[in-house]
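Asks: Predicted model, plus sequence, below.
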Amino acid sequence: MPRTRPKNAYTGEKMEEDSNDELSQSHESEEEEEEWQPEKPVSKQRKKPEAVARKPIAKKTTEPREPKARAPRKAAVKRTVVPKVRKQVATATAIDEKEGQGVSDVPTSSKSDSRMVKVKEERLSFPVPSGLSSDTAGAQGGAQGSLMVKNEDPEDDFSFEEPAPKKLKSSSAPQGKPVKQPKAGCSLGDSIHMNWDVIEVLSERLQLDRWVCTNLVQLFQEENTIPFIVRYRKELINHMDADDVREVQLALEELCAVSKKCHSICQTLKKEGVLNADLEEALKNCRTTNELEHVYAPYKKGSKLSKARRAKQLGLDPAALALLQAPQTLNLHSWVKPQVKGVSSLEEVATGVEQILADMMAKDKETLAFVRSLCDRNTVTVHSSVSKTALKEKEKEQEKEKGTQQRPGERPGKPKDIDKFHLYFDFTCDVRHIQHHQILAINRGENLKILTVKVNIPDRVKSEFCRWCVNVRWRPKAFAQEELMKILNNATEDSYKRLISPLLCRSYRSSLTAAAEKESVALFVRNLRRRLLACPVRGRVIMGVDPGFRHGCKLAILSPTSQILHTDVMYLHCAGGAREADKLRHLMEKYNCQTVVIGNGTACRETEAFFAGLIAKKFFRPLDVTYCITNEAGASIYSVSPEAAKEMPDLDPNLRSAVSIGRRVQDPLAELVKIDPKHIGIGTYQHDVSQASLKAALDGVVEECVSFVGVDINVCSETLMRHVAGLNASRARSIVEWREKNGPFMNREQLKLVKGVGPKSFQQCAGFIRINPEHFQTLGSGALTSAQNAADSEKPVQKKSKGKTSVSAPPQLNPLDQTCIHPESYSIAQRFLALIEGQTEHIGQPEMKHRVEAALHHGSLEELAKKLNTSIETLQLIMDGLTQPPGFDIRQNFEQADFKQGIVSIRDLQTGVVLTGRVENTTLFGAFVDIGVGCSGLIHKQYIKPDKLPADLRRRSLALGPGDRVEVRVLSVDTQRNRIGLDLIRVLSEYDPSHGQQAITCELENRVESDPPGTSGGLT
């Protein structure tokens, strides 16, 4: 007979009493960090952790009669922690004897343990908590390292809400096919002891093919750098660019950190005797550090017991289960114990049962999934308002403005900071539509205690959730009396208000902040890459000018090789300007200087007008003097740095800045690597993102740019050399010392003679190092003779460092050392030259290009690669290296900027005027363009539309980057605040992707303009 319970079912009557105020106060109410354990089906292996946990407890109660029994137990702990951490470093050196079989069995992995433990850990780029084992063969789709872990149903795993995965662009070439890693690698299955597959998680998060993730994990374990992977291992990563490879590396490091932290937490809980099978299972199901913290929070030292745990300690857990399983047998009066605090009355017993049920609901994965689906179907908003503290500060400042004197100890300028956030004093936006820069601005205002931020979830989410819990998910299996249904209703509402709602709010805030920080770092990376790859000006004597009024303009004349010829200070904006002009003309005639570089700091426009006036009067005739303006951000910081003092010890710091300004145009990459990327003046919100992530990303971009451009090892500085892939500060110092002692390097093989450069370092850096034969011609025949003598003297030297053998470097020059071809492909290059009947002496000449084209005409690239027994990507790289002219540079020729004449200040601007300018900086909300009037104008992101952009720029988030030349229309001019609003008409830059043979990412394939970003003009 069907049963009806109109009185017991949840009707939502109590929801009418709730209001938005109650929801908004949920953050201020009693909020407890509840332990979270997703339900898992009972497995057969659950008894093992309990047995392990009982042994130490039993050991403490008995006398340690046999001390030998403890020794194996301690050794077992060491074997599960220390050796396994070291085993994963052995991928690059330990080669299994059964590698040729293609199958790695368990005994083989165990036999290699002793060898793997002895391998160094110094080059491990990311932490992996424990050891590795060989991969099993037969992985589908070319996957090479299937994990030896328990395969779980996705339904059994719980994960907090994450932003929608972005499909990484893993291939732009039609020949991208699954390629198996040639070496017998090691799997992360034995190193990450979690209930999920690391390869599968990477593939799902980043939307990559499984075989690509497998190869990337293997390459990172072998300590390969990103530039080396992107250029010389294209077939293994399906032609991914450097940014996408770095994203995979960061995701892998995050998963390894989660595994390591989970292992540490388990060890801590095991020592405290708290760890049980369910808790360990819940910890191993976590995929992020936030999930780990949520599970571990109730067990932290110093944290108070949650309400549910206190109720369970009172023995009310069976009563709560009975309410759900057999409510007809539950009698709450039998659980009352008058002498025990917490269960002394019927009300306290009911409250304890409610708290246990609320805790069960908050940790149930199906319940959390349902409430998240409700939030997705409704409008969840982020609301910010001005805080009470900020209002009080503003009132105090207003009283001071009326005549009240400032009290000692109070900070001035606070109202100015408050006014900066006036857009967010009453700001509300849907979490699905809020912009990244808005999230970062709100977070900054909250950190400054100017804004109060909260996440608003509609009340109907609560009502639908409570109705579903009572009538569907947590409905008792038998008839329950009215007082028991009231307990269930109260538990449902308490679970939502006290546990689930704060959890959802924290989840939304953390996910939005993580996405905003990720986009901000990506914007920094794009801007820095464009800034570093600004085109150099070669073969000119340059005068660098650091403008100023009171302290004068600092001048530095530099030779075409960036050597300091003369420094001086001139007062161009004083009464004696004519006398200074004559002195200036004398210096320029003496050193034949025809190019002037002016910094864009104080007195920049006045100095520009001074030089422009002299050029218009033909004051420097017969010299054809031109000038440009460059961004001087970071020059002052560099001038007082230890690096500058070491490079220019006898020079005043003020003059060092003028030298830095001039060198930024001669070779921007070589000069800007000396400065911390955060001081170059790119991006925005750099202090609001994770500093560790920002530094790692920017350092990686510097390494990519320096490596892809290449360095001449015989002339480059130590500062520039340390940024080459595979090198660091100590190795760069050793290379410079070897060069000073033995003369210039004659070939790449001599790098193996340098202290600290082992086989792995040589493999990573060799392809990015050039040895230019013209350098020996410049120095004369004596340099070549001394280099040969030094090579002969170094031949019999035995290397004493561990793992390195003696190197016999031939003393002759190798023409292939001036190309991008890696030494590991020299034999293939020689066979290709023999096939086309070419000579190494003809590298970079038209004759070589004709022979290569003829070979491609007679047979396809695939046929040639098959004939040479190599990959298509390697053969293409060899052909590029042989046909590129000597001294080839991916950076383009210096180009003049095109500015309208007559615009000298912001007061001359009018609405509707069309101008051309150069993008100075890009942010999350728009692009700043220097139009030559002393202050930059802003193109808001709403005006950067796809139809105004070239097709190859439309896939990027903001499309524009520093250095782009654009045509804009003036929308608004605010002379009081020096603000100019611009509308984008079109991008004037033309892009030539033909120079992207090094796969330097989309931004590197695009043409980089000549002036460094922020210039107001090219050579005029």
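Replies: Received it, and whenever you're ready, just let me know what you need. Numbers count the residues shown, from 1 in each chain.

Asks: Quick check, pLDDT for the residue nearest to the spatial centre of the chain.
Replies: Note on the chain: the residue nearest the mean C-alpha position is residue 697, at 4.1 Å, using CA atoms, centre = their mean. With respect to pLDDT, residue 697 scores 89.

Asks: same check, this time on the one 3 residues further on
Replies: The predicted local distance difference test score for residue 700 is 90.

Asks: Equivalent analysis for residue 87, please.
Replies: 36.

Asks: Sort out which residues of the helix or strand that contains residue 521 are buried, please.
Replies: Using DSSP states H and E, residue 521 sits in helix 501-532. By neighbour count with 16 or more other CB atoms under 10 Å, helix 501-532 contains the buried residues 501-509, 511-532. C-beta here means a position set from N, CA and C on the backbone, and glycine is covered the same way.

Asks: returning to what we had before: what residues are up against the residue nearest to the centre of the chain?
Replies: Counting by CB atoms under 8 Å, 6 or more residues apart in numbering, residue 697 makes contact with 246, 521-522, 524-525.

Asks: Equivalent analysis for residue 325, please.
Replies: With CB under 8 Å, 6+ apart, residue 325 has these contacts: 476-477.

Asks: where does the residue nearest to the centre of the chain sit relative to residue 729, distance-wise?
Replies: Residue 697 is 20 Å from residue 729, where distance means CB to CB, to the nearest Å.

Asks: Same question for residue 837.
Replies: 45 Å.

Asks: tally of neighbours for residue 641?
Replies: Residue 641: 17 surrounding residues under other CB atoms under 10 Å.

Asks: What strand or helix carries residue 745?
Replies: Counting by DSSP H and E, residue 745 is part of no helix or strand.

Asks: Now it: phi and psi?
Replies: Main-chain dihedrals, residue 745, degrees, to the nearest 10: phi -70, psi 140.

Asks: which residues does it contact?
Replies: Counted by CB under 8 Å, 6+ apart, residue 745 has contacts 713-714, 739, 751, 771, 787.

Asks: again, only using 7 Å
Replies: 713-714, 739, 771 (CB atoms under 7 Å, 6 or more residues apart in numbering).

Asks: Just say helix, strand or coil for the closest residue to residue 328 other than its chain neighbours.
Replies: Counting by CB to CB, 6 or more residues apart in numbering, residue 478 is the residue found nearest to residue 328 once chain neighbours are left out, at 5.1 Å. Under DSSP: H, G, I helix; E, B strand; the rest coil, residue 478 falls in the coil class.

Asks: Contact partners for residue 478?
Replies: 326-328.

Asks: picking up where we left off before, now distance to residue 592 too, for the contacts of residue 697, in JSON lines please.
Replies: Below are the contacts of residue 697 laid out as JSON lines (distance: CB to CB, whole Å):
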{"residue": "246", "distance to residue 592": "45"}
{"residue": "521", "distance to residue 592": "45"}
{"residue": "522", "distance to residue 592": "45"}
{"residue": "524", "distance to residue 592": "40"}
{"residue": "525", "distance to residue 592": "40"}
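
Asks: re the thing from before, helices or strands up against the helix holding residue 521?
Replies: Applying 3 or more CB pairs under 7 Å, 6 or more residues apart in numbering; DSSP states H and E, we find helix 501-532 packed against helix 436-447, strand 451-456, helix 668-672, helix 691-709, strand 914-923, helix 1002-1005.

Asks: what separates the residue nearest to the centre of the chain from residue 518, distance-wise?
Replies: 10 Å.

Asks: For residue 446, give me its contacts.
Replies: residue 453.

Asks: Just the mean pLDDT for stretch 236-249, thanks.
Replies: 92.

Asks: Closest one of the contacts of residue 697 to residue 564?
Replies: residue 524 (32.0 Å; CB to CB).

Asks: Tell me the pLDDT of the nearest residue to residue 234 once chain neighbours are set aside.
Replies: Spatial nearest neighbour of residue 234, excluding adjacent residues (CB to CB, 6+ apart): residue 873 at 4.2 Å. At residue 873, the pLDDT value in this model is 92.

Asks: gap between residue 873 and residue 851?
Replies: The value you get for residue 873 to residue 851, if CB to CB is used, is 21 Å.

Asks: Equivalent analysis for residue 361, please.
Replies: Distance of residue 361 to residue 851, given as CB to CB: 75 Å.

Asks: more crowded one of those two?
Replies: The residue with more neighbours, out of residue 361 and residue 851, is residue 361; 24 against 20, by other CB under 10 Å.

Asks: My assumption is that the residue nearest to residue 234 lies in a helix; please confirm.
Replies: Yes: assessed by three-state DSSP, residue 873 belongs to a helix.

Asks: number of nearby residues for it?
Replies: 21.

Asks: Going forward, count from 340.
Replies: That works, and once the first residue is 340, the last one we named lands at residue 1212.
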